[in-house]
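Enquirer: model this:
(one chain, ligands or ions: 1)
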Amino acid sequence: MGPGAFHRAHQAVYIDDILSQEKDWAICGVSLNSAGVKEALKDQDFLYTLVTLDQEISYRVIGSIKDILVAPHQPAQVLSRLRDPNTRIVTLTITEKGYCLGTDGALDFNHPNIQRDLSSPSTPVSPIGYIVESLRLRREAGVQPYTVVSCDNLMENGTRLFQAVSQYAVHISPDLATWIEDEACFPRTIVDSITPQTDDELRNHVTSATNIIDSWPVGREAFTQWIVEDQFSLGRPDWECAGVTMVGAVEVYAKAKLRLLNGAHSALAYLGILAGFDTVYEAINEEKLSRFIHSMMTREILPTLKSTSGFDLMTYIGSLLKRFQNPVIKHKLVQISSDGSQKLPIRILSVISENLEAGRPIERLCLVIAAWMQVIRRKALINSPIVDPLADKLIAIGWRDANGHAELLNDFLSLEAVFPASLTASKIFRTALTQAYRSLGSGEKSDAFKALE
Ligand code: CS2
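Expert: As a prediction, this is how the structure comes out:
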């Protein structure tokens, strides 16, 4: 589910890698929203070019996707594919918001798609609704559940998904929920490979380098990682051969990746946008910003993580900074800045909560939150679109402030879907955030640089 650029640059490549050995695996993508990917790929047999953006750029045709279904246009086909005993693994790359979770990590029963699906469960629209309905159909037909593999940047991704599925299934039938709990597997994973959005520059580049007109190639860095807990109900490909790390538990690595890589990404995005940069490469090469990111990682994030044997956190930080400095990748800050209301609780706010509890500093992390608010405010001011499931609320907050309303911080903090009550009740947090917000002045470039000092 979600055959966007990341799926096609990551999981589809790992499947492609094993096809010479295990020819009976293939992917059917399910687009949950738009027909864009299907329209682009159908006339090229769902083949596409993977461009590896390294010092030496390389090109490879990926052939593991056999078909793409578009859920809003083909809901019955999607359910029948999911019910098919040949469907053995369902991966999800649906981004944080696709899971419809609240700040407590549980399924948000007020989410319009969940309410809609619960009122009409046999014709779902949400991924959770599709999973539960198709598992119900499999149970009815005596077919074992497929393994559900969340590949999104959520803490405890498999567990969260399993809980959301169970909470939803109980409303359909408690027996079904018990069957899912007993029979289905939801391994946790870490996925990692920096994958910028495809643009015309990449398309034209592919055409001139390969002589192939590809409607939707994907480009990513050479580094790629997939760590998966080895729990599969209906078997799996021999992924180790393709470099997938199959483990007993992913937890330690997951926290490090989400906080250090994704946390630093969000910091670079909001502070970098205010400082007038366009890409991660530009932002990380600015001295003040780069120093800030380094101290945020080492002083405020590192203390929340554990090094284990074979996984040294300082080495990991060094490797991340090097990846951010890849000059060939034009990873747009605006891409990373999308969906802040979904990403920041996982990447930054959870770290702030832990630091508060342990009496550790939070100033730099608060500056990231304040920068997010400033970016929203500035966008609202010029009516620039905000990509976020809470966009309407965020624009209203930013717009009120732009018109002389002084309550911006309180308005933001009242967003229960973003800020947990435990955090908004903390005086230390409110003070640090207020200071951080003030230090950004009116969000001009020069203010951002001053705040980084
Ligand atoms: C990024 C991630 O857009 C974002 O929010 O932080 O997509 C990041 O590039 C990937 O998680 C890297 O594996």
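
Enquirer: contact partners for Val70?
Expert: Val70 makes contact with Val30, Ser31, Ser34, Ala35, Lys38 under the criterion CB atoms under 8 Å, 6 or more residues apart in numbering. (Glycine included, C-beta is placed from N, CA and C.)

Enquirer: which of these come close to the ligand?
Expert: Among the contacts of Val70, not one lies near the ligand by CB under 6 Å from any ligand atom.

Enquirer: most neighbours, which of the residues you listed?
Expert: Neighbour counts for the contacts of Val70 peak at Val30, which has 24 neighbours (criterion: other CB atoms under 10 Å).

Enquirer: can you name the residues bridging to it?
Expert: Leu69 (DSSP bridges).

Enquirer: would you check that it makes contact with Leu69?
Expert: Yes - under the contact definition of CB atoms under 8 Å, Val30 touches Leu69, with a separation of 5.1 Å.

Enquirer: who in the protein is up against the ligand?
Expert: Proximity of the chain to the ligand (CB under 6 Å from any ligand atom) is limited to residues Asn153, Asp192, Ser193, Ile194, Asn262, His265, Gln335, Ile336, Lys343.

Enquirer: mind checking the SS state of Cys185?
Expert: Under DSSP: H, G, I helix; E, B strand; the rest coil, Cys185 falls in the coil class.

Enquirer: neighbours of Glu407, just the number please.
Expert: Residues near Glu407, counting by other CB under 10 Å, number 12.

Enquirer: show me the contacts for it.
Expert: Arg400, Asp401.

Enquirer: quick check: it vs Asp401, distance?
Expert: Distance from Glu407 to Asp401, counting by CB to CB, to the nearest Å: 8 Å.

Enquirer: all strands of the stretch 201-350 of the chain, in order?
Expert: For the stretch 201-350 of the chain, the strands defined by DSSP state E, counting those that start in this stretch occupy 218-220, 225-229, 245-247.

Enquirer: okay if I get the ones you listed as JSON lines plus mean pLDDT and mean neighbour count?
Expert: Formatted as JSON lines, the strands of the stretch 201-350 of the chain follow (pLDDT from 0 to 100; neighbours: other CB atoms under 10 Å):
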{"stretch": "strand 218-220", "mean pLDDT": "98", "mean neighbour count": "25"}
{"stretch": "strand 225-229", "mean pLDDT": "97", "mean neighbour count": "20"}
{"stretch": "strand 245-247", "mean pLDDT": "95", "mean neighbour count": "16"}
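
Enquirer: out of those, which gets nearest to Arg83?
Expert: Across the strands of the stretch 201-350 of the chain, Arg83 has its closest neighbour in strand 225-229 (24.1 Å, CB to CB).

Enquirer: what touches both of Val30 and Leu69?
Expert: Taking CB under 8 Å, 6+ apart as the contact rule, Val30 and Leu69 both touch Val78, Arg81.
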